[in-house]
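Participant: 3D, please:
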Amino acid sequence: MNRLLFSALCLLPLAQPARAVTIGDCDDYRASVGAMVEPWEEATRTWANGKIRLVVTDTVEPAMYPFHLVVIYPGSDETGWNQCSLVSFRGMLGFAGMELMAATAQYDPAAGLTVAVPVRIPDPEAGDVTDAILAVTINQMTGQVRAQLE
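Facilitator: As a prediction, the model looks like this:
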């Protein structure tokens with residue numbers, strides 16, 4: 001594959017709408033305990049009496065977008081085992097920055113707990129990054145996690 005085509009394919013995820021994020025299952029790379037940002041006290045926060053935990057991870061690569069958000073929450077089945085979801089900017093690309101300690105939360109019984117996390121995202125038009133709010137909603141009743149950029 002020639003370099004120009006390869007470069008274009010690598011930038012393709014950045015050309016898509018900037019408000020969509022990727023939610024997937026936790027994996028051994030982006031959700032690894034070894035990837036937790038130090039100090040741990042600043043990389044993890046809990047809500048809902050400790051039942052919902054958010055953790056920031058740093059995968060180092062890609063260098064400009066290494067930060068991902070791990071969401072740990074109670075399972076909706078009878079076992080009660082925790083579930084884990086991973087929020088990334090797009091696919092394997094993370095965020096350029098994430099300020100979990102500045103996050104705020106609000107609870108809506110119909111939707112669940114929504115945590116608003118300040119993040120930095122790619123801005124392909126400017127060739128830089130821009131500030132945004134990552135709104136993550138965790139519904140303990142349904143076991144669903146939704147996320148969007150605001």
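
Participant: what's the burial count for Val60?
Facilitator: Applying other C-beta atoms under 10 Å, we find 7 residues neighbouring Val60. C-beta here means a position set from N, CA and C on the backbone, and glycine is covered the same way.

Participant: the strands in this protein, which residues?
Facilitator: In the chain, the strands defined using DSSP state E lie at 22-25, 44-47, 52-58, 67-74, 82-88, 97-98, 104-108, 112-123, 128-139, 144-149.

Participant: output the below-cut-off pLDDT ranges for this structure.
Facilitator: For the chain, the stretches flagged by pLDDT under 70 are 1-19, 124.

Participant: which one, of the strands of the chain, ends up nearest to Gly34?
Facilitator: Across the strands of the chain, Gly34 has its closest neighbour in strand 52-58 (8.8 Å, C-beta to C-beta).

Participant: may I have that closest one as PDB, with CA atoms only?
Facilitator: Extracted in PDB, the C-alpha atoms of strand 52-58 (Å, rounded to 0.1, in the frame of the first residue of the first chain):
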ATOM      1  CA  ILE A  52     -19.900   3.000  39.800                       C
ATOM      2  CA  ARG A  53     -16.200   3.600  39.200                       C
ATOM      3  CA  LEU A  54     -14.500   5.500  36.400                       C
ATOM      4  CA  VAL A  55     -10.800   5.000  35.700                       C
ATOM      5  CA  VAL A  56      -8.600   6.900  33.300                       C
ATOM      6  CA  THR A  57      -6.000   4.800  31.400                       C
ATOM      7  CA  ASP A  58      -3.000   5.900  29.300                       C
END
